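K.L.:
Here's my sequence, what's the structure:
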Amino acid sequence: MSRILVTFALRAEGASFEGRLTGRVSNGGGIVGSLDSQEIAVSWLGIGVRNRRQFEDILTELAPDLVINSGFAGAVRTLLEPGDFVLAENFSSPDLLKRLGTTGVFEAKGKFACVDAVADSAAKMRINSQGNFLALEMESAHVAAICEKLSVPLVSAKMISDRYDEAVPGIFLGRPVRRTKDISDAIAFASRMIVLRLRLAGRLAELIRALTRERLPT
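P.N.:
Residues are numbered from 1 along each chain as shown. Modelled structure (predicted):
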């Protein structure tokens, strides 16, 4: 049976997706279960893929037929809204991009910018002025490099968590509370993310079903 590995930076990002899997068992740094009849492994890589060697070891041990790198990203394109599911064309395998060309799973497809730190709205605007980018996040370039090295097909697809003119509340980045609005902004963002995690789980299930209508690449 083929196996798909789904990766997230943090376990919380994929908690709702993980809950959809049946027969879940722990497997070292992640879990293994099933979605319908498809075997799925889930691993958490840390923000920015903190330990690249560990990810290489996971790929070697699990030997997946396909990796889906997912989670959340910040919008750079102005028309994107929280909850939009977007495909990174520059960090996904070309043959899989062709297979996904006619699917309606995504709101948008384009280039992701991979950054080293969480960006505020001003940084997003600067990135947008430097190229035709769709969204930004911190893992796809690292995941893509390792998957290419080990010849593992990759789809990088993430859900927008914040608009181009928004920033992630500072509380979530370890910054001190300086005003009451900091707390209300954090509560509103946390509430949004509860909804978006459920939405992401549904879209990932759609993506996996779209990919497995045909035999996975070997």
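
K.L.:
so Ala73 makes contact with Ala135?
P.N.:
Yes: Ala73 lies in contact with Ala135 (Cβ atoms under 8 Å); the separation is 4.1 Å. Where C-beta positions appear, they are placed from N, C-alpha and C, glycine not excepted.

K.L.:
so what's Gly33 bridging to?
P.N.:
For Gly33, the beta-bridge partners are Ile40 (DSSP bridges).

K.L.:
where does this structure dip in pLDDT?
P.N.:
1, 169-174, 214-218 (pLDDT under 70).

K.L.:
returning to what we had before: okay, and the common contacts of Ala73 and Ala135?
P.N.:
When Cβ atoms under 8 Å, 6 or more residues apart in numbering defines a contact, the residues bordering Ala73 and Ala135 alike are Val86, Phe112, Lys158, Ile160.

K.L.:
a markdown table please, covering the residues you listed and showing secondary structure and distance to Gly30.
P.N.:
Converted to a markdown table, the shared contacts of Ala73 and Ala135 look like this (DSSP: H, G, I helix; E, B strand; the rest coil; distance: Cβ to Cβ, whole Å):
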| residue | secondary structure | distance to Gly30 |
| --- | --- | --- |
| Val86 | strand | 24 |
| Phe112 | strand | 23 |
| Lys158 | strand | 18 |
| Ile160 | strand | 25 |
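
K.L.:
which one of these sits closest to Ala144?
P.N.:
Distance to Ala144 across the shared contacts of Ala73 and Ala135 (Cβ to Cβ) is lowest for Phe112, with 9.6 Å.

K.L.:
can you give me the strands for the chain?
P.N.:
3-8, 22-27, 30-35, 38-44, 66-69, 72-75, 85-88, 108-114, 133-137, 154-162 (DSSP state E).

K.L.:
which helices and strands does the fifth one pack with?
P.N.:
Other elements packing on strand 66-69 under the criterion 3 or more Cβ pairs under 8 Å, 6 or more residues apart in numbering; DSSP states H and E are strand 3-8, helix 140-149, strand 154-162, helix 180-211.

K.L.:
With just CA atoms, put it into PDB.
P.N.:
What follows is strand 66-69, C-alpha atoms only, in PDB (Å, rounded to 0.1, in the frame of the first residue of the first chain):
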ATOM      1  CA  LEU A  66       4.500  11.400  -1.500                       C
ATOM      2  CA  VAL A  67       5.000  14.300   1.000                       C
ATOM      3  CA  ILE A  68       2.300  17.000   1.500                       C
ATOM      4  CA  ASN A  69       3.900  20.000   3.300                       C
END
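
K.L.:
contacts for that strand?
P.N.:
Outside strand 66-69, the residues that touch it by Cβ under 8 Å, 6+ apart are 2, 4-7, 59, 91, 96, 139-140, 143-144, 147, 152-158, 204, 207-208, 211, 216-217.

K.L.:
Check stretch 80-91 too.
P.N.:
69, 73, 75, 97, 100, 105-112, 114, 134-135, 140-141, 143-144, 154-164, 192, 195-196, 199-200, 203, 207.

K.L.:
Swap in 7 Å and give it another go.
P.N.:
The set of residues external to stretch 80-91 that reach it, using Cβ atoms under 7 Å, 6 or more residues apart in numbering, is 73, 97, 100, 105-112, 134-135, 140-141, 144, 154, 156-163, 192, 196, 199, 203.
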